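Visitor: No sequence on hand, only this structure:
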DNA sequence: ATAATTATCTATCGATCACTAGAAAAATTT
DNA sequence: AAATTTTTCTAGTGATCGATAGATAATTAT
């Protein structure tokens, strides 16, 4: 996971993987089938380990604003965690790749769309509950906060630290077009 | 340029390039030296053709807010221009690559930093002129709008259209912490 | 027209790509 | 302990990677 995270799908070779894991190619192929299968498995592992945890904690918040704040602060921390490669493994993964690897790019893009849709659903709930004006375009708002997450991933890869990203998050939250009600277990402001 | 733009540095092979250009490898090497040299030349061409034009038009605006609006609207259009590959060739390029291509990644990252610094300078001018409160953190604000640009590039690659990105831009502009004075040749609102 | 130069070709270089057949070793079962 | 199964290894597959030597064709200079 760390190799794919840091170098991407095309930038990581079978030799890199087997060297890092301490065995030879046949063992890798017996265990994972192919490089593509392994990458898909790694992405799923990453999602369970990082992304899903982040999203589930965020969705527990009682307001959509608090959900976004929770998610974005967690992203700011995780993208700059010194124990893992910088950035997000899906937010900015496989954006450009060779034609033969297009299926990989599409799969990662599909996961990004799912992340977006989770935001859209939560924002629509907020419109129903009255937290957001019904005139708000939930998809546009979700695209905006998703863009922030993707931009944060780029900047983390470029060397930004946690505080840099928190400053970006605070500015993004200032664009929130509804009441800024608190969630039930909000984090402290930075 | 189109091949590198669409498939990235690692995703584009010499065979891809020579086939598209209609000659053989020795011709390419006689003309450009190496794949790496060619890529650098392509990036410079891209900057002159797209990025610099966008930035110079934006910097002509008389207010920092109008500059940002000009730049972001131009990006929304350019990133989704059907005549060119989606997204930006530098904003989201070479984020993950093999160890041996790290120099390429660093060069593109350096260009991203220059783009950021141009924003920072303009925002500091805005603080001097009184357009922005002196309490504003220009670097943080520049990081925020740069993140938006990078996120827009990701979303353009994922299939977003111009209006999708304009909606993101409008939300980003709503976070502007100063007076929203108009530039001398502003574009119409969407 | 001939000579010199430039440009492009064919054919290939060694290295590395993802991947695998078949043998050897380790673990498990009887 | 012997037989079976599973795992991992050595050693290599053909394909493609970026890049090049040497021949040929096209252009330019004399």
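Guide: Alright, I've got the coordinates. Note that the structure is predicted; figures quoted are calculated from it, not measured.
Visitor: For the most far-flung residue of chain A relative to its centre, give me the pLDDT.
Guide: Outermost residue of chain A with respect to the C-alpha centroid, by Cα atoms, centre = their mean, is residue A:26; its distance is 32.2 Å. According to the predicted model, the pLDDT of residue A:26 comes to 97.
Visitor: what packs against the one helix or strand it maps to?
Guide: Following DSSP states H and E, one finds residue A:26 within helix A:25-32. The criterion is 3 or more Cβ pairs under 8 Å, 6 or more residues apart in numbering or on different chains; DSSP states H and E, and the helices and strands that helix A:25-32 contacts are helix A:14-21, helix A:35-46. All C-beta atoms are positioned from the backbone trio N, CA, C, and that covers glycine.
Visitor: rerun at 7 Å
Guide: Judged by 3 or more Cβ pairs under 7 Å, 6 or more residues apart in numbering or on different chains; DSSP states H and E, the packing partners of helix A:25-32 are helix A:14-21.
Visitor: The helix it packs on close to DNA strand D?
Guide: No: remark: helix A:14-21 sits outside contact range of DNA strand D, by Cβ under 7 Å from any atom of the strand, the gap being at least 7.5 Å.
Visitor: what's the single longest helix in chain A?
Guide: helix A:102-129 (DSSP state H).
Visitor: wait, does that helix make contact with chain B?
Guide: Yes: in terms of Cβ under 7 Å from any Cβ of the partner chain, part of helix A:102-129 sits within range of chain B, namely A:109, A:112.
Visitor: Now do the helix or strand that that helix is followed by: which elements does it pack against?
Guide: Toward the C-terminus, helix A:102-129 is succeeded by helix A:138-157 as the next helix or strand (DSSP H and E). When contacts are defined as 3+ Cβ pairs under 7 Å, 6+ apart, helix A:138-157 sits against helix A:64-79, helix A:102-129, helix A:162-173, helix B:138-157, helix B:162-173.
Visitor: what's helix A:138-157 in contact with?
Guide: Residues external to helix A:138-157 that are found in contact with it (Cβ atoms under 7 Å, 6 or more residues apart in numbering or on different chains): A:68, A:72, A:75-76, A:79-80, A:86-88, A:91-92, A:115-116, A:119-120, A:123-124, A:127, A:164-165, A:168, A:172, A:175, B:92, B:95, B:143, B:146-148, B:150-152, B:154-155, B:164, B:167-168, B:171-172.
Visitor: Just the pLDDT at the closest residue to residue A:167 other than its chain neighbours, thanks.
Guide: On the basis of Cβ to Cβ, 6 or more residues apart in numbering or on different chains, the spatially nearest residue to residue A:167 that is not a chain neighbour turns out to be residue B:140, at 3.7 Å. What the model reports for residue B:140 is a pLDDT of 98.
Visitor: Residues contacting stretch A:59-68, please?
Guide: The set of residues external to stretch A:59-68 that reach it, using Cβ under 7 Å, 6+ apart, is A:58, A:70, A:122-123, A:125-126, A:131-132, A:145, A:173, A:176, A:178, A:180-184, A:186.
Visitor: Sounds good, over and out.
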